[in-house]
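Q: Okay, sequence plus prediction incoming.
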Amino acid sequence: MTNDSPERMEAKPEPKGAKEFKTRLGIFLHKSELGCDTGSSGKFEWGSKHGKENRNFSEDVLGWRESFDLLLSSKNGVAAFHAFLKTEFSEENLEFWLACEEFKKIQSATKRASRAHRIFEEFICSEAPKEVNIDHETRELTRMNLQTVTATCFDTAQGKTRTLMEKDSYPRFLKSPAYRDLAAQASAASATPSSCSLAEPSHT
């Protein structure tokens with residue numbers, strides 16, 4: 001006897017990963033200090049006392065689907081994308097990309113060299129705890145770059161992981177039920193700025 005009820009089988013319930021992403025995204029939105037809250041229904045609601053911030057956030061959310069660059073340039077977008085990648089067990093690609101962005105800002109040569117080796121050990125070398133999916137040539141090129149550490153020594157590897165995310169993970173993120181639900185509510189909020197809830201926009 002199966003545990004799945006007929007209704008559940010017909011409705012094709014969301015995979016566990018999709019539900020987990022909704023939960024993670026809800027937690028992220030709640031922490032964004034934009035008056036967001038999530039209920040058991042999985043709907044995302046904006047508090048009415050943050051009207052201007054809510055409209056800005058709605059524009060931010062809708063911008064994520066315009067281009068991968070806009071997603072990566074948004075703090076909220078990066079946090080939401082990271083939550084999604086964790087459900088696919090591929091968050092190491094984004095974490096590596098972010099680590100490289102921070103690495104480029106280091107001015108001290110000593111600190112830069114130390115950080116470079118840490119990044120290599122964490123993301124690049126074989127059997128690294130968060131090994132990214134790059135080819136052998138890129139891995140060896142990065143290894144050689146560490147002999148003389150510069151701000152650009154991870155550029156090739158970073159570019160490869162960025163391309164992989166843009167072509168693979170990013171389209172799936174945009175098609176995920178959690179993002180589509182959030183984008184639909186953001187569109188409703190943009191159309192009805194006086195509404196105090198994206199889940200149930202008022203009709204004037």
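A: Everything's here; your move.

Q: got any ranges where this structure has weak pLDDT?
A: For the chain, the stretches flagged by pLDDT under 70 are 1-55, 192-204.

Q: SS state for E131?
A: Judged by DSSP: H, G, I helix; E, B strand; the rest coil, the three-state class of E131 is coil.

Q: can you give me phi and psi for it?
A: Here the main-chain torsion angles of E131 (degrees, to the nearest 10) amount to phi -60, psi 130.

Q: in this structure, which spans are helices?
A: 6-11, 16-31, 51-63, 68-72, 75-87, 91-103, 109-119, 136-145, 155-164, 170-175, 177-191 (DSSP state H).

Q: so which of these gets nearest S126?
A: S126 sits nearest to helix 136-145 of all the helices of the chain, at 7.7 Å, using Cβ to Cβ. Where you see a C-beta, it was placed from the backbone N, CA and C, and this is true even at glycine.

Q: Name the residues that touch stretch 85-104?
A: 17-18, 20-21, 24, 72, 78, 81-82, 112, 115-116, 119, 122-123, 130-133, 151-152, 154-155, 157-158, 161-162, 164-165, 169, 172-173 (Cβ atoms under 8 Å, 6 or more residues apart in numbering).

Q: ok, back up a step: please convert the helices of the chain to CSV, extending it with mean neighbour count.
A: Compiled in CSV, the helices of the chain are given as follows (neighbours: other Cβ atoms under 10 Å):
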stretch, mean neighbour count
helix 6-11, 9
helix 16-31, 17
helix 51-63, 17
helix 68-72, 17
helix 75-87, 19
helix 91-103, 19
helix 109-119, 15
helix 136-145, 14
helix 155-164, 18
helix 170-175, 16
helix 177-191, 18
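
Q: The nearest residue to A189 once chain neighbours are set aside and S187, how far apart?
A: Excluding the flanking residues, the one nearest A189 by Cβ to Cβ, 6 or more residues apart in numbering is S58, at 4.4 Å. The span separating S58 from S187 equals 8 Å under the rule Cβ to Cβ, to the nearest Å.

Q: Look up phi and psi at S90.
A: Main-chain torsions, S90, degrees, to the nearest 10: phi -130, psi 30.

Q: how near is it to Q147?
A: Distance from S90 to Q147, by Cβ to Cβ: 30 Å.

Q: So these two - more neighbours on which side?
A: Relative neighbour count places S90 above the other of S90 and Q147, with 18 against 7, counting by other Cβ atoms under 10 Å.

Q: List the buried residues in stretch 121-133.
A: Residues of stretch 121-133 classed as buried by neighbour count (16 or more other Cβ atoms under 10 Å): E122, F123, I124, A128, V132.

Q: of all those, which comes closest to T138?
A: I124 (8.7 Å).

Q: does that closest one really touch V132, like I thought?
A: Yes - contact status for I124 versus V132: in contact at 6.9 Å, counting by Cβ atoms under 8 Å.

Q: Mind listing the shared neighbours of these two?
A: In contact with both I124 and V132: A157, using Cβ under 8 Å, 6+ apart.

Q: Number of residues surrounding R65?
A: If you count neighbours by other Cβ under 10 Å, R65 ends up with 16.

Q: which ones are touching it?
A: Taking Cβ under 8 Å, 6+ apart, one finds L174, Y179, A183 in contact with R65.

Q: Having no further points to raise, I will conclude here.
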